[in-house]
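Engineer: prediction below, plus the sequence it came from.
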Amino acid sequence: MTLNTAPNLARPDDFYEALINMHRGLDDEASQAVNAKLILLLCNHIGGHEVLLEAMRLARASTAGALAEAA
């Protein structure tokens, strides 16, 4: 299985709203913890080691690129 990077959310605006609401009222530490738990739950659901490695590579590369542009 390869990583699907094309838009694939059935209701992206509703998802974004729910994601923001998940963080509402949390301090930074709790917000980071809930993000980590969500990531691990979704990784478990995906399951495919190679897909997860590709997702991590792309996330890191896009973050590194954004940081370089900001500097």
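Structural biologist: The structure has been received and is ready for your questions.
Engineer: for this structure, which spans come out with low pLDDT?
Structural biologist: Within the chain, the stretches with pLDDT under 70 are 66-67, 70-71.
Engineer: quick check: longest helix of it.
Structural biologist: helix 49-70 (DSSP state H).
Engineer: contacts for that helix next, please.
Structural biologist: Residues from elsewhere that reach helix 49-70 (C-beta atoms under 8 Å, 6 or more residues apart in numbering): 1, 2, 3, 5, 43, 46. Where C-beta positions appear, they are placed from N, C-alpha and C, glycine not excepted.
Engineer: checking residue 25 next. Helix, strand or coil?
Structural biologist: coil (DSSP: H, G, I helix; E, B strand; the rest coil).
Engineer: hmm, back to that, just checking, which of the contacts of helix 49-70 belong to helices?
Structural biologist: Taking DSSP H, the ones among the contacts of helix 49-70 that sit in helices are 43, 46.
Engineer: got the contacts of helix 49-70 as JSON lines, with neighbour count columns?
Structural biologist: What follows is the contacts of helix 49-70, written out as JSON lines (neighbours: other C-beta atoms under 10 Å):
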{"residue": "1", "neighbour count": "9"}
{"residue": "2", "neighbour count": "8"}
{"residue": "3", "neighbour count": "14"}
{"residue": "5", "neighbour count": "9"}
{"residue": "43", "neighbour count": "15"}
{"residue": "46", "neighbour count": "13"}
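Engineer: pipe the contacts of helix 49-70 into CSV and attach distance to residue 64 per row.
Structural biologist: What follows is the contacts of helix 49-70, written out as CSV (distance: C-beta to C-beta, whole Å):
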residue, distance to residue 64
1, 25
2, 22
3, 18
5, 17
43, 21
46, 23
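Engineer: which of the contacts of helix 49-70 sits closest to residue 37?
Structural biologist: Nearest to residue 37 among those: residue 43, at 10.7 Å, using C-beta to C-beta.
Engineer: can you pull the contacts of the closest one?
Structural biologist: residue 52.
Engineer: now it: how far from residue 49?
Structural biologist: Distance, residue 43 to residue 49, using C-beta to C-beta, to the nearest Å: 10 Å.
Engineer: same deal with residue 63?
Structural biologist: 21 Å.
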